[in-house]
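[1] build me a model:
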Amino acid sequence: MVKKALIFGVAGVSGVYLGRELQANGYEVYGSDIKEVQDNYRFDGFYSCDVTDTAAVKTLINLINPTHIFNLTDVGGVGQAWKAPQRMLGVNLTGTLNILEAIKNFLMKPRVLLVGSGDQYAPSLTTLDETSPLKSTSPYGISKIAQEEIAEVYRDKYGLEIFCVRPFNHAGVGQNENFFVPMICKQAAEIKKTGVGDTIYTGNITVSRDFLDVKDLVNGYRMVIESSHPNEIYNIGYGISYPLEELVKYIISLTGLDLKIEVDGNLIRPSDNPYSCCDHSKITKQLGWEPKHNIHETIKEVYEDYLNRL
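    Next up, the predicted model:
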């Protein structure tokens, strides 16, 4: 049987890398988003579709008849979700329901991967595994908890194979500049290239985060949806939490310049967990997944990409 993947939310960085990962492993790949992919990557087909549009989602799924569906739709992560919580809830919950409703009566039901977040967990100063308490401090994390509850209902009532993952922070070339790594790398590269400015502007950098290269992330997505464990939930992360201030200083070191760091109040979130670190032992033991890249390699790639583009 031909493996046909349909990726909702494909215009984000993880969508493009996932498309490459799947094509390299024998899939036909069809992408969907409300905006075009800003990349020279080519899918087997691309369709404009708003995941909150019930009729459009159903029409697209019937057209493609995929064997695998990946729901990567997002509003731009936790930070952007604070700015547009209504839109975020619509995308994360209505969008998920639209996909599951569209396939619940299929004779040959496609496998579905739903992307959650490490932000679902209650704040903790220890490493988080899948049994850690769920009590998010953000609307984004709360919506992802609800998404998993919806998945459980549709597994039980309609026999759907729905796979859930909880990825932690990730980064890679092409990521939206609303995210931490590209935001800082772009500023540093512009100062290096133009010689204008001497200050890097940041949000709260007193916190620590676990970062994973997007290539490792999408490899995990593929391994999970190809597994025989639709009732399991898997963390995906690197397993080391880095202070953001340390990473900013590393990016500055790549420039060879003596740059200042200044906190921009507009980049501060209403709530920010002080520490986040992933325990990925479950996916490693059960599926053999493990990260192959460290965040310093990834950051250097992102910084150099900005230098080349500038």
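[2] measure the closest residue to Ser124 other than its chain neighbours to Arg166 for me?
    Among residues not flanking Ser124 along the chain, Ser132 sits closest, at 6.5 Å (CB to CB, 6 or more residues apart in numbering). Placement of C-beta: from N, CA and C, glycine included. Using CB to CB, to the nearest Å, Ser132 is found at 10 Å from Arg166.
[3] so these two - more neighbours on which side?
    Neighbour tally, Ser132 and Arg166, criterion other CB atoms under 10 Å: the higher count belongs to Arg166, 25 against 17.
[4] so that one touches Glu232, yeah?
    No - applying CB atoms under 8 Å as the test, Arg166 and Glu232 come out as separate, 11.3 Å apart.
[5] next helix or strand past the helix or strand containing Ile7?
    Counting by DSSP states H and E, the element that carries Ile7 is strand 3-8. Once the chain leaves strand 3-8, the next helix or strand it forms, by DSSP H and E, is helix 13-23.
[6] what's the overlap in contacts for Ser132 and Arg166?
    Tyr121 (CB atoms under 8 Å, 6 or more residues apart in numbering).
[7] what residues are up against the most centrally placed residue in the chain?
    Centroid check for the chain by CA atoms, centre = their mean gives Ser14 as the closest residue, at 6.0 Å. Ser14 is in contact with 72, 115, 170, 214, 217-218, 221, counting by CB under 8 Å, 6+ apart.
[8] let me have the residues you listed in a markdown table, extended by pLDDT, distance to Ile200 and secondary structure.
    What follows is the contacts of Ser14, written out as a markdown table (pLDDT from 0 to 100; distance: CB to CB, whole Å; DSSP: H, G, I helix; E, B strand; the rest coil):
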| residue | pLDDT | distance to Ile200 | secondary structure |
| --- | --- | --- | --- |
| Leu72 | 95 | 29 | coil |
| Val115 | 97 | 30 | strand |
| His170 | 96 | 21 | strand |
| Val214 | 98 | 23 | helix |
| Leu217 | 98 | 26 | helix |
| Val218 | 98 | 29 | helix |
| Tyr221 | 98 | 32 | helix |
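[9] tell me the one of those residues nearest Ile162?
    Nearest to Ile162, judged by CB to CB, of those is Val115 at 11.7 Å.
[10] quick one: that closest one from His280, how far?
    Distance of Val115 to His280, given as CB to CB: 15 Å.
[11] SS state for Asn219?
    When classified by DSSP: H, G, I helix; E, B strand; the rest coil, Asn219 comes out as helix.
[12] quick one: it from Ser276, how far?
    As for Asn219, its distance to Ser276 is 21 Å (criterion: CB to CB).
[13] now swap in Glu161 and tell me
    29 Å.
[14] with Gly45 instead?
    Using CB to CB, Gly45 is found at 37 Å from Ser276.
[15] Tyr47 against Val37, yeah?
    No - assessed by CB under 8 Å, Tyr47 is found out of contact with Val37, at 11.5 Å.
[16] tell me, what's touching these two both at once?
    Applying CB under 8 Å, 6+ apart, one finds that Tyr47 and Val37 are jointly contacted by Gly31.
[17] which ones are touching the residue nearest to Ser124?
    121-122, 124.
[18] do you know the pLDDT at the nearest residue in space to Lys35 that is not next to it in sequence?
    Distances taken as CB to CB, 6+ apart place Ala11 nearest to Lys35, at 5.1 Å, with adjacent residues excluded. If you check Ala11, the pLDDT there is 90.
[19] count of neighbours near Ala11?
    Residues within reach of Ala11, counting by other CB under 10 Å, total 20.
[20] list the contacts of it.
    Contacts for Ala11 (CB under 8 Å, 6+ apart) come out as 31, 33-38.
[21] and what of Leu247?
    Leu247 sits next to 180-181, 184, 211, 295, 299 when contact means CB under 8 Å, 6+ apart.
[22] now list the buried members of these.
    Among those, the ones that count as buried by 16 or more other CB atoms under 10 Å are 180-181, 184, 211, 295, 299.
[23] reformat these as a markdown table; add secondary structure and distance to Pro66.
    Below are the buried ones among the contacts of Leu247 laid out as a markdown table (DSSP: H, G, I helix; E, B strand; the rest coil; distance: CB to CB, whole Å):
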| residue | secondary structure | distance to Pro66 |
| --- | --- | --- |
| Phe180 | helix | 33 |
| Val181 | helix | 31 |
| Ile184 | helix | 37 |
| Phe211 | strand | 31 |
| Ile295 | helix | 33 |
| Ile299 | helix | 34 |
